[in-house]
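Q: The following block contains a protein sequence and its predicted model.
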Amino acid sequence: MKKKLQNVIIPKLFSATIILAVLLLLQSCGLNNTQKKLEEVATEVSKRLPMDLGSGLKWTKAEALPNKVFKYSYVWENLEVAAMDTAAFKKEQEPTILETIKSEPSLKYFRDNDVVMEYDYNDKNGKPAYTITIAPEMYKSKK
């Protein structure tokens, strides 16, 4: 399952990142407040959602929360929390997400402005499954 999940989610994560990056670039004209910019980007991204990411994962929402938090919301369409090993899902996904945030040129704005990125996963019934939070000290770390 690990290889299958990574083979599907990694390319889709990059696609979603590109969408976000393009929207950030388009929104950068005339906006000098980070929180305001994040709100505008979230509004624009949300217009393109939901987005099927494959393997039963759907990106359903993007939100700018207070204190420079950008939240991604996903739904596992075929899974229920009771049947999931949420700790394993989180453990598998977090390093990949962190590495993407550290290395993806299109996320430079987020890194430069100390944006906290939160990835919220729910099951097919809308029940919270797990959340991955990537804080600036995590993606700015050299480790």
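A: Thanks, I have it.
Q: what's around residue 33, how many residues?
A: Neighbour count of residue 33, defined by other CB atoms under 10 Å: 9. C-betas here are computed from N, CA, C, even on glycine.
Q: ignore the last one, residue 72
A: Other residues close to residue 72 by other CB under 10 Å number 22.
Q: okay, now the closest residue in space to residue 69 that isn't next to it in sequence: neighbour count?
A: Spatial nearest neighbour of residue 69, chain neighbours left out: residue 116 (4.5 Å); criterion: CB to CB, 6 or more residues apart in numbering. The burial count assigned to residue 116 is 18, neighbours taken as other CB under 10 Å.
Q: Quick check, pLDDT for residue 116.
A: Residue 116 carries a pLDDT score of 97 in this model.
Q: From residue 125, how far out is it?
A: Residue 116 sits 27 Å away from residue 125, taking CB to CB, to the nearest Å as the criterion.
Q: Then residue 39?
A: Separation of residue 39 from residue 125 (CB to CB): 29 Å.
Q: hey, where'd the helices end up in the protein?
A: In the chain, the helices defined using DSSP state H lie at 2-27, 34-46, 86-103, 108-112, 136-139.
Q: If you average pLDDT over each of these, which is lowest?
A: helix 2-27 (a mean of 56).
Q: circling back: and residue 39 and residue 125? Which one has more around it.
A: Taking other CB under 10 Å, residue 39 and residue 125 do not tie; residue 39 has more neighbours (17 against 10).
Q: show me the contacts for that one.
A: Going by CB atoms under 8 Å, 6 or more residues apart in numbering, residue 39 touches residue 64.
Q: got it, and residue 49?
A: Contact partners of residue 49, counting by CB under 8 Å, 6+ apart, are 59-62.
Q: Pick the one among these closest to residue 88.
A: Distance ranking of the contacts of residue 49 against residue 88, using CB to CB, places residue 59 first at 20.9 Å.
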